[in-house]
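Q: fold the stuff below for me.
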Amino acid sequence: MPIRPENVDRYPDDWKEIRERILARAGNKCEDCGAPNREVVYRDRSGWHVVEPTRKGDYEDVGNGFHAKCVEIVLTIAHLDHTPENNSDDNLRAWCQKCHNAYDAPMRRAGIKSRARASLAVKDLFG
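A: Numbering: from 1, shown residues only. So this is what the prediction gives:
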């Protein structure tokens, strides 16, 4: 996932080297679903990749009446503990966008709720 501007300073100066090391460890494939980095693939409804790409953005019939969109896989490096300062290899995973987003979803939802509660509290104080 892109690094948010407010978190840039939390990453070490050698982040690019760390990223490359984790990608190499993963064989340049998602460590969850196996999607290949920087390849254009079709994703079926289950999320697994179907490697018969044509052009990014196209839709293809992948059977059972389902159509899948052709996407470019971009591997990201996930922090399992959601702490950018913890860059030990056992805390890092090379994941595609879909797998990374699925892992982060509960934390993202909690953050949204927390910010909403904080916003309501401010309104109660000053509203």
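Q: then Leu6 would be within a helix, right?
A: Residue 6: Glu, not Leu. Yes - counting by DSSP: H, G, I helix; E, B strand; the rest coil, Glu6 falls inside a helix.
Q: low pLDDT regions in the chain?
A: Within the chain, the stretches with pLDDT under 70 are 1, 44-68, 110-127.
Q: ok, Arg19 to Val8 distance?
A: Distance, Arg19 to Val8, by Cβ to Cβ, to the nearest Å: 14 Å. In short, each C-beta sits where N, CA and C put it, glycine included.
Q: before we move on, what about Cys30?
A: 25 Å.
Q: between these two, which one's more packed in?
A: Applying other Cβ atoms under 10 Å to Cys30 and Val8 shows that Cys30 carries more neighbours, namely 23 against 10.
Q: surely that one touches Gln97?
A: No - applying Cβ atoms under 8 Å, one finds Cys30 not in contact with Gln97, separated by 9.2 Å.
Q: where do the helices sit along the chain?
A: Counting by DSSP state H, the chain has helices at residues 15-25, 97-126.
Q: count of neighbours near Thr83?
A: By the measure other Cβ under 10 Å, the count of residues near Thr83 is 10.
Q: distance of it relative to Asn91?
A: With the distance defined as Cβ to Cβ, Thr83 ends up 8 Å from Asn91.
Q: what's the answer for Ala78, then?
A: When distance is defined by Cβ to Cβ, Ala78 is 9 Å away from Asn91.
Q: more neighbours: which of those two?
A: Ala78 (21 against 13).
Q: so the more buried one is in contact with Asn101, correct?
A: No - proximity of Ala78 to Asn101 does not meet the contact threshold set by Cβ under 8 Å, at 9.8 Å.
Q: okay, and the beta partners of Glu72?
A: Applying DSSP bridges to Glu72 yields these beta-bridge partners: Val40.
Q: what number of residues lie near it?
A: 13.
Q: same question for Glu20.
A: Residues near Glu20, counting by other Cβ under 10 Å, number 12.
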